[in-house]
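A.B. asks: Just a sequence and a predicted model for now, questions to come.
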Amino acid sequence: MLTRSMRKRHNRISLAYIHRLPPEILQLVLTLSLPDFHELEEEFRGPTRRYYRELLQLCGVSPDWASFIRSTPSFWTYTSQTDCDELTGAILARSKNSPLRVRYIMYEGCPCRENHSYLETIVAQSHRWRALRVYTGSRRVLEGFLAAPAPQLRYLDVGNMSESPVPTVDLTTSPQIVDIYLAHVLLDWTAHRFSGLQSLHLRDVAPGPTLEQLLDVIRGSPNLHTLAMFDCDVAVGSYEFSKVEPSSSLTSCILDVLKLSQVSAPAICGILSCVTIHDQSNLFLDVSDSPAPNRGEAETIATFAFKHIGSLAPWYVALKITDSDCNLDSEGGNWCIVLPCTEGGTIEELVHFVNEHLTKTVPELHNVPAALRLDIQEVDVLLPIMSVIANLLNVIELVFIAPSQMSVLEPLASPLPSGKWLFPNLEVLRVSPYEVVVDETLPNVVRARWTASRKAKRGGAKPTVVPIKSVSIEWEGTITRRAWAWLTKTKLIEDFEVDPEILVV
């Protein structure tokens, strides 16, 4: 055990080594020890106060650190409307001419008040903005930020939180823009060419760009890797997507992420015809709630998408079949195609539609690992649809969203009358129970498939079903104490995850 004098000497030696660090290394160490800006963005009240409070705590380590921190402008570049006037003045003075990261968030119900004095002060520094994030329902505030020239601006995230007339973003003075996030805000598409643009996110933008304007932006942005559009009004005009050859890539732009939801079929197909998709791209096409949704549009989009990739073999397909209007983010797969089953009709008609649609759109994907997400509550509909999909796709991940009863899992616990197992290569099973109690049905499925696989191996035969490796229970709901005890103690599965909001009853 170290004596007190030895501990003091040891601490002095440790600090001596820290004081010998080159300034750039010390700056990196201190930066990593401070709160992450993305974490701070989640706070309504005083996010910058927390950041600067911890920064000042580091100043208390030693006079050398205090001097170094106070004289390094890059530590003083984060500012928010929740700052008092004194803190704002200190930040602007100590940051000198370093680019600023500006945050002005006023969500509905936010405990903060509009800070017009902050607006005037920070707009006067618009030539130093590097990142700007503004969400408010005040038109005066929005127009004040959006009208200011920002030649160094690289990251723009703006949302209009009111039903008032939508303001327009002017980026003619921001040639270095890299990332654009717009929600219920317009952009003058005719005045801009974003040669350095890497990410474009649009949500609830109406009226949006014409399809030709949007394609011009894509073609003029060779560095674009992410395009996301949700509920956007794209004026197609005379564009005829049915005559476009999907193999003709019109740009050198290669997308890593493409997410399109509630966007019309012609616009989706036009975008697909204008970009390059490779086998590691993350593509999410939700046509279940597109403008004027119908099954013909859904089939056209999916067919066009798979033709567009040509000979590429995507390694993962995510398929969602839904009878609700909820949206789905792309989860884990390269491709996500969403089939709408919102129209009325008999079970036979629904099954026929799914069968016809998949046969036409994914005929060459029998051996591609697939994730299937079922957002259909009716038990008598689920089994026929699952049987059809099992013959067409190699489902390794299965997600049930709010089933009406846990009996929907029973077909997975035993072979079909034909002797084959439903989804024989299933490895991941996820359930979002909502109002249904997760009972012994779930453990029974895991046990049955593990037992069948083990029995076949012992007999020297090739297993006709693989064990389930991962089980998760997501979102809110309840689980019986018996099922909970088995799932948490069993060694038959490698991974068991449960949402903290799930209650054991």
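C.D. replies: The structure has been received and is ready for your questions. Note that the structure is a prediction, hence the values are computed from the model and not measured.
A.B. asks: just for the stretch 201-350 of the chain, where's the confidence low?
C.D. replies: 237-253, 265, 277-347, 349-350 (pLDDT under 70).
A.B. asks: make that the stretch 351-500 of the chain, sorry
C.D. replies: 353-354, 356-368, 377.
A.B. asks: Quick one: distance of the helix or strand that contains S472 to the chain centre.
C.D. replies: Assessed by DSSP states H and E, S472 sits inside strand 470-473. Put simply, strand 470-473 sits 21 Å off its chain's centre (CA atoms, centre = their mean, to the nearest Å).
A.B. asks: Next secondary structure after that strand?
C.D. replies: Next along from strand 470-473, by DSSP H and E: strand 477-479.
A.B. asks: Packing partners of the helix or strand that that following strand is followed by?
C.D. replies: Per DSSP H and E, strand 477-479 leads on to helix 481-489 as the next helix or strand towards the C-terminus. Contacts defined by 3 or more CB pairs under 8 Å, 6 or more residues apart in numbering; DSSP states H and E place helix 481-489 against helix 441-458, strand 495-498. Where C-beta positions appear, they are placed from N, C-alpha and C, glycine not excepted.
A.B. asks: Hmm, S414 is touching A448, no?
C.D. replies: Yes. Between S414 and A448 there is a contact at 6.3 Å, judged by CB atoms under 8 Å.
A.B. asks: From R447, how far off is V134?
C.D. replies: 54 Å (CB to CB, to the nearest Å).
A.B. asks: And those two? Which one has more around it.
C.D. replies: V134 (24 against 17; other CB atoms under 10 Å).
A.B. asks: any idea whether the more buried one is helix, strand or coil?
C.D. replies: Counting by DSSP: H, G, I helix; E, B strand; the rest coil, the backbone at V134 sits in strand.
A.B. asks: First-to-last residue distance for stretch 469-485?
C.D. replies: From its first residue to its last, stretch 469-485 covers 18 Å (CA to CA, to the nearest Å).
A.B. asks: Please point out which parts of it sit buried.
C.D. replies: K469, V471, I473, E474, G477, T478, I479, T480, A483, W484 (16 or more other CB atoms under 10 Å).
A.B. asks: what do you get for stretch 408-426?
C.D. replies: V408, L409, P411, L412, A413, W421, L422, F423, P424, L426.
A.B. asks: Mind picking the two most distant members of these?
C.D. replies: Greatest spacing in those, by CB to CB: V408 and P424 (18.1 Å).
A.B. asks: how about the buried residues of stretch 408-426 in JSON lines, adding distance to N391 and secondary structure?
C.D. replies: Listed next are the buried residues of stretch 408-426 as JSON lines, based on distance: CB to CB, whole Å; DSSP: H, G, I helix; E, B strand; the rest coil:
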{"residue": "V408", "distance to N391": "19", "secondary structure": "helix"}
{"residue": "L409", "distance to N391": "20", "secondary structure": "helix"}
{"residue": "P411", "distance to N391": "14", "secondary structure": "helix"}
{"residue": "L412", "distance to N391": "16", "secondary structure": "helix"}
{"residue": "A413", "distance to N391": "20", "secondary structure": "helix"}
{"residue": "W421", "distance to N391": "13", "secondary structure": "coil"}
{"residue": "L422", "distance to N391": "10", "secondary structure": "coil"}
{"residue": "F423", "distance to N391": "11", "secondary structure": "coil"}
{"residue": "P424", "distance to N391": "12", "secondary structure": "coil"}
{"residue": "L426", "distance to N391": "14", "secondary structure": "coil"}
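A.B. asks: on contacts alone, who are the packing partners of the strand holding S472?
C.D. replies: So strand 470-473, by 3+ CB pairs under 8 Å, 6+ apart, packs with strand 428-432, strand 495-498.
A.B. asks: So which of those strands is the most surrounded?
C.D. replies: Mean neighbour count (mean count of other CB atoms under 10 Å) peaks for strand 428-432 among these, with a mean of 21.
A.B. asks: I'd guess L383 is in a helix, am I close?
C.D. replies: Yes. Assessed by three-state DSSP, L383 belongs to a helix.
A.B. asks: before we move on, back to that, pick the most buried one from the helices and strands packed on helix 481-489.
C.D. replies: helix 441-458 (a mean of 17).
A.B. asks: what's that one packed up against?
C.D. replies: Against helix 441-458 (3+ CB pairs under 8 Å, 6+ apart) you get strand 428-432, helix 481-489.
A.B. asks: could you dump these to JSON lines with distance to T77?
C.D. replies: Formatted as JSON lines, the helices and strands packed on helix 441-458 follow (distance: least, CB to CB, whole Å):
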{"stretch": "strand 428-432", "distance to T77": "41"}
{"stretch": "helix 481-489", "distance to T77": "46"}
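A.B. asks: about what we covered before: out of the helices and strands packed on helix 481-489, nearest to D216?
C.D. replies: Using CB to CB, the helices and strands packed on helix 481-489 put strand 495-498 closest to D216, at 44.8 Å.
A.B. asks: buried stuff in the following helix or strand past the closest one?
C.D. replies: Counting by DSSP H and E, the element after strand 495-498 in chain order, helix or strand, is strand 502-504. Across strand 502-504, burial judged by 16+ other CB under 10 Å covers I502.
A.B. asks: Pull the distance from strand 502-504 to the chain's centre.
C.D. replies: 27 Å.
A.B. asks: partners of that strand in the sheet?
C.D. replies: strand 477-479 (parallel) (DSSP bridges).
A.B. asks: Name the surrounding residues that touch the strand holding S472.
C.D. replies: Here strand 470-473 makes contact (CB atoms under 8 Å, 6 or more residues apart in numbering) with 427-433, 438, 442, 446, 479, 487, 493-499, 502.
A.B. asks: tell me what the helix or strand where I91 lies is packed against?
C.D. replies: Element membership for I91 (DSSP H and E) is helix 85-94. Secondary-structure packing of helix 85-94 (3+ CB pairs under 8 Å, 6+ apart): helix 47-59, strand 78-80, helix 116-123.
A.B. asks: This completes my enquiry, with thanks.
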